[in-house]
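Visitor: this one's structure only:
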Ligand SMILES: Nc1ncnc2c1ncn2[C@@H]1O[C@H](COP(=O)(O)OP(=O)(O)OP(=O)(O)O)[C@@H](O)[C@H]1O
Ligand SMILES: Nc1ncnc2c1ncn2[C@@H]1O[C@H](COP(=O)(O)OP(=O)(O)OP(=O)(O)O)[C@@H](O)[C@H]1O
Ligand SMILES: [Mg+2]
Ligand SMILES: [Mg+2]
């Protein structure tokens, strides 16, 4: 028994070794973490690491969704606006709920309304791309402006406030309250995101649907001639992308207890960068949700670490750009080496 | 002689007819113009039409450049930031000029400094794409943040003001002053943009270099095997794109007599939309500068017309998105029909 | 508008001395078409200005054309041109950047359309007939004083950590930051303060939430923060609550959500006060000045500053 | 006489593969020199080294006795070496003339001389006898594969090169175009041009080549005069063993009707096509390129929508909306263009083989059966002797023949009983062909039905039980038994 465990451990150790060898992103993550913890010892505090998970939550949700679309060989730049719209609409809907509504009802309404809005916009994108053959970049650019316009129309230009405190449960409550940490250790938002990451990772990597997503992204003609309804796959991926973005938007508005029409502006760019840093090719056909989330972690760590090191916000932009470039270049070189 | 003229006229008429049949964008332009002139008679006033040309100037410069990159099969989302950076740096440089500098010197310095900054950033993008094999979207996303960061660093966060009035000659002076129009009829900025459009259109459509751009975008491998230095072509196109964006940025800062670090934010999206509305394929290999400029005109007319019709700005976003979609869908259908 | 701009630039054809203010209800502005360019309509502050403009239009009878400039000088310039073509009798704008759009402003003036400014004005041109705005620098000062007062009231006058969440991109926010620093720096040595700049929240509440989170990791005992805009407070509030910290906040703008939070029994313990501008009044006043100029060729003053004031539990109200 | 171009002790190593080992060949002016070898023998690699696409790991290239070091295709082009590569190399968005002049555009002042380009190009096309169907101003995208290939040949002619290299130029051409190509080749030879010619079709070698160099596993076997050799001898030196009748003709017993087509029509492509195909037979479909065979079969497969007509499968009328429906009825189709519609080039051998079958083996909740996928791919790899390091290898790195086998495996594993094969042996070597034919025979022997399109006359005669001939979208006739011969096929195909 002992022996088996031993070899299992070695196996896992080897696996991690092989994984990080193949995935430059792991090296980038480690380097950044070491650098920032030297820069400010607070970086490695458990409470900061937990913060990191909540700070990357929104980007993670956007990234999950866009990974599907990118593997498909498409792109969706509307996700920031769709997230904001979902946040605004959800806040409006929940404000209209009768007082004293239960937490469970609240969460169901939040996710239900949010996901409907997001999936709806995703379906619109999907329709434009499949039926009307509009290039994804332009279809989703149109959605970007339309969704943002609707944000302001629905909210009347100001943020949607006056929400009950249970509205913020999803986004800001934490479990395991201790004396040292009276607000609790384990954020609900982190749990929610992890659940979505796991489900969406499995959906992509283990199911027939996932296989069909990869095939469609690899060569749409071949997929079609092999009996895959590629139009349906594409449509569904855009819907998933919209829905995930919307969950991100709902979590965001729950975190802020407030529906902000200007939320998540240009977040799509960081979601795309995260996905690419995680090794997903913008040409489609390959990639993984789990690795894209590592890309999110890089973005979150850069922001968090630079803030802790009090780097000037103007310089932060420059550093962020440089690190994204380095991460992608490292990933490319790694891939070339292993080929 | 008369007869020849007659047939020539018919020839040109037929050409225009054939052109608009092939180019849905022309129909969109006409429909929009008719609609808006019904909505507000001021729309067709000569002074408004002239305003339209100045209002589309910046977007036109960005569009010229990005058309090269898109035909190549690439993308450049850094152009908005690069334009802003060129504006800021040019303003700083010109503020440092001795007082009483001549107009000619001023213009030379403006264009010289601006184009250097833009071409420099373009070269950086080109290098990333060709030598380091970074996907264009990510390479230029990094440039986007870096250039924007530099804007604020160089300007210290506030706009660069205190420029002499000749600084604004390029961007806001007009020729042919009359009593009815004391500011003049013919804007210098319009002349400058038209010159660039003509030169860059000819460079693309009539020269060997232009052919190589199309060939590289159409099939890079084939171009390479035909003895074309595709790396060089790609590099040059990104440089051109940066330089054109920079001219746009300089014109903008001249128009405002002010170097604004936050200028031209997310203008790249409208440049991309303009190019695509003008029939350029995001897959590369086909497109034209002149037609892309028609796309710019659509964007400018939509903005101008909606403001003249006093459409609520929130709804303007929605309408803009819808019209972009319609224009692109119409263009697609036109192409399918003619094939 | 920074303090240096508070001394008014005299307009050529008006007297700087305040003339007896004409009774506004004497004016019949029907037939006038006035153009307004808001910095943005995506911010509660400007939306309130718009409300003031609309109210003035209803009261005085002129036609108001309200556009926005997306906080972009180039767009503002275009909007000026469009409003001139549209036949406006006077145009006012909120140039996001106090020096932006100068040539367009001057061109409109040359074409015979009088130009006005609100919220922010241009220091680079002298054609602006009148400017109505808040003194943002002064607002920062009010915020700074409120922070100091909080420290004094709570015996935190030795070694407290205080912070600011800024947005050093629009000029108004830069001025607020400068005003705030001018106060707290004065007390720095006396009270042994640690003053932390939490960073740039870019107008985005979620970014502010991250900034606050990060700051609390290093300074869990941070006593108070000032933010240059209410969205930053919305974000920071979430972070402070999540961390269970005792930090209090003073925001800027006094948007409805600020009033709500200040009165909320729970949130009010954290979000204790807010620097209020009176955007509604700004909108109303600029419209009045434009009407007055069009009808009588006079303005009350070339610079009309509406002082910012502090909103706290004593005077907050939920509409 | 001195050789024009020489490869001296060339070796080339790719990561994990030694493609060439110590190869030495001389090429003379005025000769057509064939390069022969199985798939993956290293032919394309050698000519890519001679044309500056690859640099050799070891060895030298000599031009007129002097060493040249090509670092890019441009270097070779500027030394007047012109190449038609194995993969179609056309820029689809450019016109035929622009393609012909690509990289050597004429200028008038600073500008492109478009008029001259068009005129010269049209002249060359006319000279090749294809000027009627291909215009210099046509956009290349709108041409058929064969027409694109002809444009490429025109491009090479236009270069006025000293060395012309052609890597399988005939794989997408029909008899008519091949004849035209050979005329051009002979003309070039008479002009003292050095020609290097690669093909898997042995008949062509004997028709047009003077000398032949055989490669096996990256090594030189020998160089000899073609006229002093025989097909059997050359094939044996390529494969390393004797291959007899590689069609391995077998007597099949025809079973029940599998497919019946009645009056199938698609406007502008084909009209009123009616035929039946049976279990236990290989039905060959012959026609000149452009005859509409591909379109007809793709319509039966559900990849194109029919305008009118009826299709019956297994005796029941069907109306396939997409290939998905056809696959569900046990039909599989190997398409004409491996790279465009056959393979996910960036994916593994396994992923490609199992693709159509994944849904048939799904587990609960839509999970894919990973275990089955691995086993199925291994089984196909063994059964079809696909030469690959592992089933996880990226399929784009395999040689053409092995890629083709994987595609066949993809439909065998999908339990198809009706296989439509569109030019399935295009570009694969004699050995692979022979194995492929054996597989086809086995499939039919087990009661399967094969419909095979082929433009290669000897192949279609060699393998088919029955032949349908199409011409310009019409079914011209059916040949069986003793009627299956060259003359009767040509008569029908040109009718
Ligand atoms: N770019 C490459 N990277 C890795 N391996 C390669 C590459 N190009 C060719 N090979 C390998 O080199 C060997 C020779 O390939 P080559 O293309 O020269 O064969 P060929 O004789 O032209 O075959 P075919 O008749 O199928 O065209 C093969 O094993 C192939 O897998
Ligand atoms: N790349 C392409 N783009 C557009 N159309 C094409 C293309 N390739 C082929 N076609 C169309 O297919 C038809 C002929 O194609 P192809 O040369 O493959 O012959 P075919 O009809 O399939 O006949 P066969 O299979 O008998 O050779 C042409 O009429 C052409 O319009
Ligand atoms: Mg080959
Ligand atoms: Mg065919």
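Guide: Right, received. Where do you want to start? Predicted, not measured: the structure shown is a model, and the values here were computed from it. Ligands and ions are numbered 1, 2, ... in the order given.

Visitor: Enumerate every residue touching the residue in the stretch 351-495 of chain D positioned nearest to ligand 3.
Guide: When distances are taken as Cβ to the ion, the stretch 351-495 of chain D reaches nearest to ligand 3 at residue D:400, 6.7 Å away. Every C-beta, even on glycine, is put in place using the N, C-alpha and C of the backbone. Contact analysis of residue D:400 by Cβ atoms under 8 Å, 6 or more residues apart in numbering or on different chains lists D:39, D:338, D:427-428.

Visitor: Nearest residue to it in space, please, no chain neighbours.
Guide: Distances taken as Cβ to Cβ, 6 or more residues apart in numbering or on different chains put residue D:427 closest to residue D:400, at 4.6 Å, once the chain neighbours are dropped.

Visitor: residues in contact with the one you found?
Guide: Counting by Cβ under 8 Å, 6+ apart, residue D:427 has contacts D:39, D:86, D:168, D:171, D:200, D:338, D:400-401, D:404.

Visitor: residue farthest from the centroid of chain D?
Guide: For chain D, the residue at maximal distance from the C-alpha centroid (Cα atoms, centre = their mean) is residue D:109, at 42.3 Å.

Visitor: Please report phi then psi for residue D:18.
Guide: Dihedral pair for residue D:18: phi -100, psi 100, per degrees, to the nearest 10.

Visitor: so how far is chain A from the closest residue to it other than its chain neighbours?
Guide: Nearest residue to residue D:18 in three dimensions, chain neighbours excluded: residue D:218, at 5.9 Å (Cβ to Cβ, 6+ apart). Residue D:218 sits 20 Å away from chain A, going by Cβ to the nearest Cβ, to the nearest Å.

Visitor: quick one, what contacts residue D:218?
Guide: Contacts of residue D:218 (Cβ under 8 Å, 6+ apart): D:12, D:18-21, D:23, D:41-42, D:45.

Visitor: Would you mind giving the residues you listed as a markdown table with pLDDT added?
Guide: Putting these into a markdown table (pLDDT from 0 to 100) gives the following:
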| residue | pLDDT |
| --- | --- |
| D:12 | 95 |
| D:18 | 90 |
| D:19 | 91 |
| D:20 | 95 |
| D:21 | 95 |
| D:23 | 96 |
| D:41 | 90 |
| D:42 | 92 |
| D:45 | 94 |
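
Visitor: and those, which of them are in strands?
Guide: D:12, D:18-21, D:23 (DSSP state E).

Visitor: buried subset of these?
Guide: Buried positions within these, assessed by neighbour count (16 or more other Cβ atoms under 10 Å in any protein chain shown), are D:12, D:19-21, D:23.

Visitor: which of those residues are close to chain C?
Guide: Among these, no residue lies close to chain C (Cβ under 8 Å from any Cβ of the partner chain).

Visitor: farthest pair in the residues you listed?
Guide: Farthest pair in those (Cβ to Cβ) is D:19 and D:23. Separation: 9.9 Å.

Visitor: which neighbours do those two share?
Guide: Shared contacts of residue D:19 and residue D:23, counting by Cβ under 8 Å, 6+ apart, come down to D:42, D:218.

Visitor: Doesn't the residue nearest to residue D:400 lie inside a strand?
Guide: No: judged by DSSP: H, G, I helix; E, B strand; the rest coil, residue D:427 forms no part of a strand; its state is coil.

Visitor: Ramachandran coordinates for it?
Guide: Here is the backbone geometry of residue D:427 (degrees, to the nearest 10): phi 80, psi 10.

Visitor: did I read that right, residue D:196 in a helix?
Guide: No: using three-state DSSP, the assignment for residue D:196 is strand, not a helix.

Visitor: name the element the closest residue to it other than its chain neighbours belongs to?
Guide: In space, not counting the residues next to it along the chain, residue D:196 is nearest to residue D:165; the distance is 4.4 Å by Cβ to Cβ, 6+ apart. Per DSSP states H and E, residue D:165 falls inside strand D:163-167.

Visitor: so what pLDDT did residue D:231 get?
Guide: With respect to pLDDT, residue D:231 scores 88.

Visitor: Burial check on it, number of neighbours?
Guide: Neighbour count for residue D:231, taken as other Cβ atoms under 10 Å in any protein chain shown: 13.

Visitor: Neighbours of the residue nearest to residue A:48 when sequence neighbours are not counted, how many?
Guide: Nearest residue to residue A:48 in three dimensions, chain neighbours excluded: residue C:217, at 4.4 Å (Cβ to Cβ, 6+ apart). The number of residues packed near residue C:217 is 22, by other Cβ under 10 Å.

Visitor: which SS class is residue C:217?
Guide: Taking three-state DSSP, the label given to residue C:217 is helix.

Visitor: any idea how far it lies from ligand 3?
Guide: Using Cβ to the ion, to the nearest Å, one obtains 61 Å as the distance from residue C:217 to ligand 3.

Visitor: list the contacts for that residue?
Guide: Counting by Cβ under 8 Å, 6+ apart, residue C:217 makes contact with A:42, A:45, A:47-48, A:51, A:308.

Visitor: Could I have the buried ones of the residues you listed as PyMOL selection syntax?
Guide: With 16+ other Cβ under 10 Å as the criterion, this PyMOL line picks the buried residues out of these:
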select buried, chain A and resi 42+45+47+48+51+308
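
Visitor: I'd like the contacts of residue C:217 as TSV, with distance to residue D:208 and secondary structure appended.
Guide: Formatted as TSV, those follow (distance: Cβ to Cβ, whole Å; DSSP: H, G, I helix; E, B strand; the rest coil):
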residue	distance to residue D:208	secondary structure
A:42	78	helix
A:45	78	coil
A:47	79	helix
A:48	75	helix
A:51	74	helix
A:308	74	helix
